[in-house]
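Enquirer: Quick one, what's the 3D model for this:
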Amino acid sequence: MGVKTWLDAWPVYRQLTGEDPLGRGRAAQSKRSRTLESKTETADRMVHSVCPYCAVGCAQRVFVKDEQVIQIEGNPDSPISRGRLCPKGSASKQLVTGPQRETHVLYRRPYGTDWEPLDLDTAVDMVVDRMLDARRKGWQDTDDEGRKLRRTLGMASLGGAALDNEENYLIKKLFTALGAIQIENQARI
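Expert: Sure thing, here's the model as predicted:
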């Protein structure tokens, strides 16, 4: 090529004198940007997923390296989002890897002021005990005229739009089996 000058570092000069007159290729790249490689190129594997934020169901590609999530991006093969993600979906890596993410159960006792860690089995047992207690206390076997009701008014369910159809279906089946009649979903409201 010739003698390098300070002008060679200027993208406009490279654009006007080189083989890239529109400035969409090498003319717009610095020496550093030419040596960079994508995070996704170094990933061990890519896993298909769905964005957890809303009911749209945008497909995501999750790139994993050394069993750690290194990048999440839209899936261009998705007929729903065609590779695009909203700002919340684009930031979903923070949901998985952010330092503020809680990774264990926290419990605050009645009238308590501090949260304390609780093991998962104890927390699940507490939820089950409370649901069964609410079901028992609000149970209605028959109405005033003796007609069978077999329901409870002691609990209700409000599903979220971030859940997929299968999860919402199972939640509906669970609460129906428990006898609840107040079952609603955010997507319907």
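
Enquirer: C-alpha from now on. contacts and neighbour counts both.
Expert: Fine.

Enquirer: Give the bridge partners for residue 64, please.
Expert: Under DSSP bridges, the beta-bridge partners of residue 64 are residue 45, residue 69.

Enquirer: Which residue ranges make up each domain of this protein?
Expert: Split into domains by automatic domain parsing, the chain comes to 6-35, 39-97, 138-188.

Enquirer: Would you mind finding the most buried of the ones you listed?
Expert: Burial of these is given as mean neighbour count (mean count of other Cα atoms under 10 Å); domain 39-97 ranks first at a mean of 16.

Enquirer: In space, what's closest to residue 168 - neighbours in sequence excluded?
Expert: Distance criterion Cα to Cα, 6 or more residues apart in numbering; nearest residue to residue 168, sequence neighbours excluded, is residue 159 at 6.7 Å.

Enquirer: So residue 73 is in contact with residue 60, correct?
Expert: Yes - if you go by Cα atoms under 8 Å, residue 73 and residue 60 touch, sitting 5.6 Å apart.

Enquirer: intersection of neighbour lists for these two?
Expert: residue 83 (Cα atoms under 8 Å, 6 or more residues apart in numbering).

Enquirer: Redo the domains of the chain as a markdown table? Include mean pLDDT.
Expert: What follows is those, written out as a markdown table (pLDDT from 0 to 100):
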| stretch | mean pLDDT |
| --- | --- |
| domain 6-35 | 68 |
| domain 39-97 | 86 |
| domain 138-188 | 86 |
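
Enquirer: how far is stretch 43-54 from where the chain is centred?
Expert: The chain centre lies 9 Å from the centre of stretch 43-54; the measure is Cα atoms, centre = their mean, to the nearest Å.
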